[in-house]
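*Asks:* sequence-free structure coming up:
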């Protein structure tokens, strides 16, 4: 079992819709969780971090964490074509290791 | 402030040659990471430096790969006797504290002919 798992996609949503990206992790004691966006040919850029159970909102982005279910998600409201990218989930586990998922490819259709 | 910088942005080398890739982290960041990303693939962890502690080298794929971080700041990743399978984008990231938000540099695209 991989440390961090994401559906590879591709995920396609129409412009203006909500995109939902999901991630599960294996280390139950993990405390720090991150979402990154990576455009083709570019390096990952940080979208959000989340450390506590519940929701954290930043503009059109909402990160959701459920430690009991070992599940973290990212919702993108009012999706725009410029949101089309690969989204990476990252987890910092109890072994002081960072693990990145392989990413979910999102396409927002105008 | 300035972000993470990496040099060179592109490097083309011949099989068997040695290469050095440089990373300049964000000032004050104690943690520095190196990753490798092959075309269409995910991030592969290589090595992690935290403050003055011994680096975590668990991700280095072979003994041809080594890295150092001088003075707790600039880091150099060295690949000896490069092979074609070393061709990838090498990414450096830094964070203020261990386990904190990582900020990535633009990467170095390495092509081994």
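*Replies:* Thanks, I have the structure now. Just so you know, these numbers come straight off a predicted model, no measurement behind them. Residues are numbered from 1 along each chain as shown, chains lettered A, B, ... in the order given.

*Asks:* Please report the distance of residue B:47 from chain A.
*Replies:* Separation of residue B:47 from chain A (C-beta to the nearest C-beta, to the nearest Å) stands at 12 Å. Any C-beta I mention is one placed from the backbone N, CA and C, and that applies to glycine too.

*Asks:* Now do the phi/psi pair for that residue.
*Replies:* phi -160, psi 150 (degrees, to the nearest 10).

*Asks:* Same question for the one 3 residues further on.
*Replies:* The phi/psi pair for residue B:50 (degrees, to the nearest 10) reads phi -130, psi 110.

*Asks:* show me the contacts for it.
*Replies:* B:30, B:31, B:56, B:98 (C-beta atoms under 8 Å, 6 or more residues apart in numbering or on different chains).

*Asks:* Quick one, which of those residues are buried?
*Replies:* Among the contacts of residue B:50, those classed as buried by 16 or more other C-beta atoms under 10 Å in any protein chain shown are B:30, B:31, B:56.

*Asks:* just the contacts of residue B:50 now: which is nearest chain A?
*Replies:* Within the contacts of residue B:50, the smallest distance to chain A is 6.3 Å, found for residue B:98 (C-beta to the nearest C-beta).

*Asks:* Helix, strand or coil: sort out residue B:85 for me.
*Replies:* helix (DSSP: H, G, I helix; E, B strand; the rest coil).

*Asks:* Setting the sequence-adjacent residues aside, check what's closest to it.
*Replies:* Nearest in space to residue B:85, with sequence neighbours left out and distances taken as C-beta to C-beta, 6 or more residues apart in numbering or on different chains, is residue B:112 at 7.9 Å.
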